[in-house]
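Student: Quick check, what structure comes out for this input:
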Amino acid sequence: MRPSGAGRVLGFVRMEPRRQPPYKAPMRSFSALLGASCLLLIAPATLAQYGPPPGYVPPIGSQVFDISAFAGYQLNGDVATNGGNLNIGDAPAFGVALDYRLHSLGSLELMWEYTKPDASFSSFTSLYPSTGRFGAGSHYFQIGGMTVQRIGRLEPFIGLTIGALLLVPEAIPQAGGGSVNVSDSWRFATTLMLGTKVWLTPNAGLRFEARMLVPVVFNSGGYYYGAGGAGMVATGGVPALQFAFTGGLVFGK
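Tutor: Below you'll find the model as predicted:
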């Protein structure tokens, strides 16, 4: 009987280390769940330390349009005619531009610019008398497209516009005395621009631009017809090139 009792005791002793208490497995699962919850609570505070640096500018794609107010100086070329030279001085210029983004790399621009240089006419012949100096104001109304490329805070652009030029001259003083009133006139015009915007904040910055302004004068025309059809033709010329160098503020939304 003793051996079998010893066998039972030894068997009990050998079986005791192999028994796994039923409550230990749930405790492990609860500990793992508690650890994962602590990590989720700590992660936002830890990741906040690696947020956007100071001065971060969001992508330009979030802006739909921007408006610029600019001013500067415009260089005006003289106009040569068969009767003399129209001397146009350089003058300050200012205006407003509205850019509407059609694509991340392209915008539609509406632009108005005004300048008022002094002008005078020097005659080569007695048929056209010389004049004194008079104000020759001009308004450019333009619409066109521009290609843009965001590089950090810089947004370089190049563009082309077409539209109209409104000439508003003052009364022209005659060399022999008196003056002549001249009516306002409209001309076709186009411009080519190159510049950059510098965004100081996501919605405000500076704009720097160089623009070539090209007025076009249509000086002759005609009508033709024949077996191949009919149509109208016109020839035009560029009396002078103008170059405006401006800078200003830009506000985007």
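Student: where's the closest residue to residue 110 other than its chain neighbours relative to residue 196, distance?
Tutor: Spatial nearest neighbour of residue 110, excluding adjacent residues (Cβ to Cβ, 6 or more residues apart in numbering): residue 98 at 4.6 Å. The C-beta positions use only the backbone N, C-alpha and C, and glycine is treated the same way. According to Cβ to Cβ, to the nearest Å, residue 98 stands 18 Å off from residue 196.
Student: more neighbours, those two?
Tutor: It is residue 196, of residue 98 and residue 196, that has more neighbours when counted by other Cβ atoms under 10 Å, with 18 against 15.
Student: quick one: the helices in this protein?
Tutor: With DSSP state H as the criterion, the chain has helices at 2-15, 24-48.
Student: ok, residue 193 - contacts?
Tutor: Counting by Cβ atoms under 8 Å, 6 or more residues apart in numbering, residue 193 makes contact with 146, 157-161, 209-212.
Student: per-residue pLDDT, it?
Tutor: Here the pLDDT value assigned to residue 193 is 97.
Student: Which residue comes closest to it once chain neighbours are left out?
Tutor: residue 211 (4.4 Å).
Student: now swap in residue 240 and tell me
Tutor: Excluding the flanking residues, the one nearest residue 240 by Cβ to Cβ, 6+ apart is residue 77, at 3.6 Å.
Student: what about the closest residue to residue 243 other than its chain neighbours, neighbour count?
Tutor: In this structure, residue 243 finds its nearest non-sequential neighbour in residue 75, 4.6 Å apart by Cβ to Cβ, 6+ apart. Residue 75 has 16 neighbours, counted by other Cβ under 10 Å.
Student: And the residue nearest to residue 240, how far from residue 68?
Tutor: Computed as Cβ to Cβ, the residue 77 to residue 68 distance reads 26 Å.
Student: And the two? Which one has more around it.
Tutor: Applying other Cβ under 10 Å to residue 77 and residue 68 shows that residue 68 carries more neighbours, namely 24 against 15.
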